[in-house]
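In: What follows is a predicted structure for the sequence shown.
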Amino acid sequence: MSLTEPGSPDTAGGGTGTDLLDRELQELLEKELTEDGDHDRFSHYVQKEKILESAVTGKPVIALCGKVWVPGRDPEKFPVCPDCKKIYDRMK
């Protein structure tokens, strides 16, 4: 049984309405699991190799400031984490 009518935008690409619902539910769950306050309002510094590994395996990464999460958003849309920036500047 489909949650959408045949031929609707949700099923036009060959998927079913339940596929869309499953994706939205997964995104919601991931968002709830990774949100923990102000850290989510920033982009964080992480080793490039770790970002690539996370993209392939889904393994969480650890930012310089200590935030642990699975990357999944565009970092260009957020300001740089001030804690990560301070730590990075000290490393130079």
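Out: Looks like it arrived, so ask away.

In: contacts and neighbour counts: CA atoms only from here.
Out: Noted.

In: what pairs with residue 62 across the strands?
Out: residue 68 (DSSP bridges).

In: Isn't it up against residue 69?
Out: Yes - between residue 62 and residue 69 there is a contact under Cα atoms under 8 Å: 6.9 Å.

In: show me what contacts residue 54?
Out: If a contact means Cα atoms under 8 Å, 6 or more residues apart in numbering, then residue 54 has 60, 61, 70, 71 as its contacts.

In: Quick check: next helix or strand after the one helix or strand in the chain whose mean pLDDT sits lowest?
Out: Sorted by mean pLDDT, DSSP states H and E, the helices and strands of the chain end with helix 17-34, the least confident at a mean of 61. Remark: after helix 17-34, the chain's next helix or strand is helix 48-57, criterion DSSP states H and E.

In: Buried ones in that next one, by neighbour count?
Out: For helix 48-57, the neighbour count (16 or more other Cα atoms under 10 Å) marks 51, 54 as buried.

In: where's residue 84 relative to residue 45, distance?
Out: 6 Å (Cα to Cα, to the nearest Å).

In: Now the common contact residues for those two.
Out: 63, 64.

In: Residue 68 is in contact with residue 50, isn't it?
Out: No - look at residue 68 against residue 50 with Cα under 8 Å: they stay out of range, at 11.8 Å.

In: shared neighbours of these two, anything?
Out: With Cα under 8 Å, 6+ apart, residue 68 and residue 50 have common neighbours residue 61.
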